[in-house]
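Peer 1: the following block contains a protein sequence and its predicted model.
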Amino acid sequence: MMKSILIGLVRIYQAALSPYFPNACRYTPSCSQYMVEAIQKHGAVRGGWMGLKRMGRCHPWGGHGYDPVP
């Protein structure tokens, strides 16, 4: 159930807020899609933590490129 709630929150962000921000993703897949995939694959707690860590790496001095969910 927690997985569904977290994924739902990310989907709301993707539909309602993301279109208003410039497309400046440094990674593929985007951080929000990474979060969804991590939660689906690893569960709410571990996947959510992985997604938060990924968002923390997403800054101008961070990495870039293809970064799939392990």
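Peer 2: Yep, that arrived. Numbering: from 1, shown residues only.

Peer 1: burial count for Gly48?
Peer 2: Neighbour count of Gly48, defined by other Cβ atoms under 10 Å: 19. Placement of C-beta: from N, CA and C, glycine included.

Peer 1: check Ile12 too.
Peer 2: Close neighbours of Ile12, defined as other Cβ under 10 Å, add up to 11.

Peer 1: so which elements touch the helix or strand where it lies?
Peer 2: Ile12 is part of helix 2-12 when elements are defined by DSSP states H and E. Helix 2-12 sits against helix 31-42, helix 44-57, with contacts defined as 3 or more Cβ pairs under 8 Å, 6 or more residues apart in numbering; DSSP states H and E.

Peer 1: do you know how far Tyr66 is from Ala44?
Peer 2: Distance of Tyr66 to Ala44, computed by Cβ to Cβ, to the nearest Å: 25 Å.

Peer 1: so which of the two has more stuff around it?
Peer 2: Neighbours per residue (other Cβ under 10 Å) separate Tyr66 from Ala44, with Ala44 holding more: 16 against 7.

Peer 1: the more buried one against Lys3, yeah?
Peer 2: Yes - assessed by Cβ atoms under 8 Å, Ala44 is found in contact with Lys3 at 4.8 Å.

Peer 1: just the pLDDT for the closest residue to Ser18 other than its chain neighbours.
Peer 2: Distances taken as Cβ to Cβ, 6 or more residues apart in numbering put Ser32 closest to Ser18, at 6.6 Å, once the chain neighbours are dropped. Listed pLDDT for Ser32 reads 93.

Peer 1: tell me, how many residues neighbour Ser32?
Peer 2: Ser32 has 19 neighbours, counted by other Cβ under 10 Å.

Peer 1: for stretch 5-20, give me every contacting residue.
Peer 2: With contacts defined as Cβ atoms under 8 Å, 6 or more residues apart in numbering, stretch 5-20 is touched by Ser32, Gln33, Met35, Val36, Ile39, Gln40, Ala44, Gly47, Gly48.
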